[in-house]
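1. The following block contains a protein sequence and its predicted model.
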Amino acid sequence: MLPLLAEKVVYSHIDKSLLEKKQKFVQHLDKEEINDFLIRKDTTETYASFSTLHSEFLQLYQIGQGTGSPKSFYKNETRIIEEEESNYRILYFDFAYENCYYRLEIGNSLSEMEDLMYVIRIFIFIVLIASIVVTFFSEAVFIEYLLRPFHKIIHTKIKHINDPESFDFTAVETHSDEFKELDQGLHLMMGRIREVFNKEKQFIANVSHELLTPIALLKNRFENLIQNQSLDDQAVDKVVSSLKTLDVLKKIINNLLLVSKIENNQYHANETVNLTELLLELIEEFDDRIRNKNISIDFNMAESVAVKGNKALLHVMFFNIIGNAIKYNVANGTIILSDGYANDQYTITIADTGPGMTPEQIGQVFDRFTRMDLNQEGQGLGLAITKSIAQFHHIAIDTTSEVGKGSSFRLLFPTEAKT
């Protein structure tokens, strides 16, 4: 609105100036030069006066029948004066003098005003942009200052907390009652979670002892029972079958306990583990199973990378993946182990030439007690344990598969894990 207001003020000033000039002209109508022009009463003749730079002009000429009373009005027009075209603010004044009617035109150039308005518009535009920028940054800084306690709560008490034991109960310094209430609410919630967490760990420890102990006793009794010479072959087969069932039950309990301990962060990840050496050790462990199915191993590990972690858990993780690649592979198949980098993250890929999986199976492959092939032995806990170990080490697993062509597991290690 400022240019419009400025334009109105300028027009008001020009109109006032034109009105003053008209009054002066009318007061000097009796001057000889002007009087001579009026006395001649030649309707084809025009009295004209121009300033040096054509910023102002005055014209007087005779007109036909007038209204009888003086009449004034303002108008903006374009005029060509001495071959120079300009915009003018013109005061028209119709009056009668000695029974003849005349029209007086007094014009003031608008070029200076247009230049001024252009400067004002540019200035206002620059001020507007500067105001927006300054306002944006000042508000951003102010909002950042106001939300600093909130971000601190998010980063220190929610985002990077993996277990209740590592939660920081120190109150966040803030002048906002809302953030104080949020902080206190988190403390209460995490206190309850920690209590439940500790009860769960105690429960798991008790269950492991209470279940594994009777299983060990039963297994010992069945082994002693086999030594009894009075048992016939049918009874011995039943005892052997019971021992196998106890072994399966013991494995399931141990695997569930392992998953629980991993998820409860009961392991330390402060060992330096060379991944290439670990994979070579695993291939030697699987040598008999690899030979039985005549599987070829394509070992394409170009890097020798060491990471911080728990060697026993990493051994279990790779053991399960390679074990599945052997178990579900076809006879005379291939297992490919390769490494590389993706977005500065070190990766290890384990691919096989097995039957592959459907998209639905890929989505369920890490679920507990899920088995892709019911004809194969297992409890469906191997990849669930693998996922828990990977999450414990902040390792991402990218699974791809195509039916009839095989499956691929790509492990992406965090950048900070490398040593």
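-> All right, it came through fine.
2. Correct me if wrong: residue 211 contacts residue 256.
-> No. Under the contact definition of CB atoms under 8 Å, residue 211 does not touch residue 256, with a separation of 9.8 Å. The C-beta positions use only the backbone N, C-alpha and C, and glycine is treated the same way.
3. how distant is the host helix or strand of residue 95 from the center of its chain?
-> When secondary structure is defined using DSSP states H and E, the element that contains residue 95 is strand 84-97. Strand 84-97 has its average C-alpha position 65 Å from the chain's average C-alpha position, going by CA atoms, centre = their mean, to the nearest Å.
4. Give me the mean pLDDT for it.
-> Taken as a whole, strand 84-97 has a mean pLDDT of 84.
5. Who are the packing partners of the helix or strand following it?
-> Following the chain from strand 84-97 toward its C-terminal end, the next helix or strand by DSSP H and E is strand 100-109. Other elements packing on strand 100-109 under the criterion 3 or more CB pairs under 8 Å, 6 or more residues apart in numbering; DSSP states H and E are helix 2-27, strand 56-63, strand 84-97.
6. give me that answer again for 10 Å
-> With contacts defined as 3 or more CB pairs under 10 Å, 6 or more residues apart in numbering; DSSP states H and E, the packing partners of strand 100-109 are helix 2-27, helix 32-40, strand 46-50, strand 56-63, strand 71-81, strand 84-97.
7. what angle separates it from strand 56-63?
-> When axes from the mean of the first three to the mean of the last three CA atoms, to 10 degrees is applied, the directions of strand 100-109 and strand 56-63 differ by 160 degrees.
8. Show me what strand 100-109 pairs with in its sheet, parallel or antiparallel.
-> Note on strand 100-109: by DSSP bridges, its sheet partners are strand 56-63 (antiparallel), strand 84-97 (antiparallel).
9. Please identify the buried residues of the helix or strand where residue 278 lies?
-> Secondary-structure element containing residue 278, defined by DSSP H and E: helix 275-285. Neighbour-count burial for helix 275-285, counted by 16 or more other CB atoms under 10 Å, picks out 275, 276, 278, 279, 282.
10. Go ahead and confirm the second one touches residue 304.
-> Yes. The criterion here is CB atoms under 10 Å, and residue 276 meets it with residue 304 at 4.9 Å.
11. Spit out the residues that contact the two alike.
-> residue 339 (CB atoms under 10 Å, 6 or more residues apart in numbering).
12. Could you list the single helix or strand in this protein with the lowest mean pLDDT?
-> Across the helices and strands of the chain, mean confidence by mean pLDDT, DSSP states H and E is lowest for helix 32-40: a mean of 65.
13. Secondary structure class of residue 213, three-state.
-> Under DSSP: H, G, I helix; E, B strand; the rest coil, residue 213 falls in the helix class.
14. State the distance from it to residue 250.
-> When distances are taken as CB to CB, to the nearest Å, residue 213 and residue 250 turn out to be 11 Å apart.
15. now do residue 172
-> For residue 172, the distance to residue 250 equals 48 Å [CB to CB].
16. Neighbour count: these two, which is higher?
-> In this comparison of residue 172 against residue 250, neighbours counted by other CB atoms under 10 Å, the higher total goes to residue 172 at 19 against 16.
17. got JSON lines for the strands paired with strand 100-109, with mean neighbour count and distance to residue 237 too?
-> As requested, the strands paired with strand 100-109 are arranged in JSON lines below (neighbours: other CB atoms under 10 Å; distance: least, CB to CB, whole Å):
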{"stretch": "strand 56-63", "mean neighbour count": "17", "distance to residue 237": "126"}
{"stretch": "strand 84-97", "mean neighbour count": "17", "distance to residue 237": "115"}
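18. Tell me the gap between stretch 408-418 and the middle of its chain.
-> Taking the mean of its C-alpha atoms, stretch 408-418 sits 23 Å from the chain's own mean (CA atoms, centre = their mean).
19. Stretch 270-287 too?
-> For stretch 270-287, the distance between its averaged C-alpha position and the chain's averaged C-alpha position is 38 Å (CA atoms, centre = their mean).
20. Give me the contacts around that stretch.
-> So stretch 270-287 is in contact with 290, 295, 297, 299, 301-315, 317-319, 321-323, 325-326, 335, 337, 339, 346, 348, 350, 393, 411, 413, 417, 419, going by CB under 10 Å, 6+ apart.
21. mind listing which of the residues you listed are in helices?
-> Where the contacts of stretch 270-287 overlap with helices, as defined by DSSP state H, the overlap consists of 290, 311-315, 317-319, 321-323, 325-326.
22. Distance check, the residue lying closest to residue 365 once chain neighbours are set aside against residue 259.
-> Using CB to CB, 6 or more residues apart in numbering and skipping residues adjacent in sequence, the residue nearest residue 365 is residue 383, 5.7 Å away. With the distance defined as CB to CB, residue 383 ends up 11 Å from residue 259.
23. any weak-confidence spans in the stretch 301-419 of the chain?
-> Applying pLDDT under 70 to the predicted model, the residue ranges of the stretch 301-419 of the chain that meet it are 371-380, 417, 419.
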